[in-house]
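Participant: predicted model, plus sequence, below.
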Amino acid sequence: MSGMVFCRGCGKEIHSSARACPQCGATQGAVTGEKSRIAAALLAFFLGGFGVHKFYLGRIGQGFLYLIFCWTFIPALIAFFEFIIYLCTSDENFAKKYG
C-alpha cells in the first residue's frame, strides 16, 4: 500500500501521516519547534535577570515582569533555575511546551 510505514513502537503497519500508532500509542514523528532549547537556556543564564529568555519564548507578559523587578535580583535567581530546567528538559518536551 502507498503511504504506509511501520510503527516505531510495535511494528504494526500504519499510515505515514499518523502522529501516533492506534495500536500502541507511540508517537511517530519527532516534534520540532522553532525555538531552540539551548538558546533559551543561554539567554536565561546570561540575560535572565532582564527576562530576555521569556521574550524569546513568546512569554511577553512574564518578560515585562522580569524587567520591572530586575533591580531586586529575584528574576535573576528564578532565571538561573529556569536555565537548569531548560538544560534538563528533552528537546521533544521543550518543543511541546514552547514550540
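Facilitator: Great, that's in hand. Numbering: from 1, shown residues only.

Participant: buried sites along the longest helix along the chain?
Facilitator: As assigned by DSSP state H, the longest helix anywhere in the chain is helix 74-88. Neighbour counts over helix 74-88 (16 or more other Cβ atoms under 10 Å) mark 75-76, 78-79, 82-83, 86 as buried. For the C-beta atoms, the positions are set from N, CA and C on the backbone; glycine is no exception.

Participant: Throw these into a markdown table and include pLDDT, thanks.
Facilitator: As requested, the buried residues of helix 74-88 are exported to a markdown table (pLDDT from 0 to 100):
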| residue | pLDDT |
| --- | --- |
| Pro75 | 98 |
| Ala76 | 97 |
| Ile78 | 98 |
| Ala79 | 98 |
| Glu82 | 98 |
| Phe83 | 98 |
| Tyr86 | 97 |
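
Participant: out of the residues you listed, which is nearest to Gly61?
Facilitator: Comparing those against Gly61 with Cβ to Cβ places Pro75 closest, at 13.3 Å.

Participant: for that closest one, give its distance to Gly49.
Facilitator: 5 Å (Cβ to Cβ, to the nearest Å).

Participant: shared neighbours of the two, anything?
Facilitator: Tyr66 (Cβ atoms under 8 Å, 6 or more residues apart in numbering).

Participant: which secondary element of the chain has the worst mean pLDDT?
Facilitator: Ranking every helix and strand in the chain by mean pLDDT, DSSP states H and E puts strand 4-6 at the bottom, with a mean of 83.

Participant: fine, thanks again, bye for now.
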